[in-house]
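Student: Generate coordinates for the sequence data below:
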Amino acid sequence: MTTPPDDRSFRREMATAYRSGWHFIDLVTAIPHSGDSLMVTVFGEPVVVTRDEDDDVRAYRCLRKPRGAPKPVRCAIRYGMIFVNLDQRDHLLTGAKVSDLRTISATPRSA
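Tutor: Now for the predicted structure:
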């Protein structure tokens, strides 16, 4: 008989095994007009997915404490579905500015 994992090991496993991949959020039709937004929780973190004035879909990690601007999250649109990736290691490009992070149309690894 095995013992259930404690909370700390469960959180560590979730962070390493699942957090680094692409995760389905909703269909693009959920935010059809510019200015529309969608609030979701991905692995315990609140994420806001919005459609901006240029009709680009962007995702931002909501901070629980006011520490400035929300952090952008990698967002991809594929076959009319919205995917996000919370992993910061392959999210940030070297020398990339916040304005350089755009919605990409690539195939997510888990799709």
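
Student: Would you map the strands across this structure?
Tutor: Here the chain has its strands, by DSSP state E, at 23-27, 37-42, 45-51, 57-61, 71-78, 81-85.

Student: strands paired with the fourth one, and their directions?
Tutor: Applying DSSP bridges to the sheet, strand 57-61 is found paired with strand 45-51 (antiparallel), strand 71-78 (antiparallel).

Student: wait, isn't residue 46 in contact with residue 62?
Tutor: Yes: using C-beta atoms under 8 Å, residue 46 is in contact with residue 62, at 4.0 Å. Backbone N, C-alpha and C define where each C-beta goes, glycine included.

Student: shared neighbours of these two, anything?
Tutor: residue 39 (C-beta atoms under 8 Å, 6 or more residues apart in numbering).

Student: Now for the closest residue to residue 51 other than its chain neighbours, how many residues are close by?
Tutor: In space, residue 51 comes closest to residue 31 once its chain neighbours are excluded; the distance is 4.6 Å by C-beta to C-beta, 6 or more residues apart in numbering. Residue 31 has 18 neighbours, counted by other C-beta atoms under 10 Å.

Student: What residues sit buried inside stretch 43-53?
Tutor: Across stretch 43-53, burial judged by 16 or more other C-beta atoms under 10 Å covers 47, 49, 50, 51.

Student: how much space between the third one and residue 85?
Tutor: To tie it back to what came earlier, the one meant is residue 50. Using C-beta to C-beta, to the nearest Å, residue 50 is found at 17 Å from residue 85.
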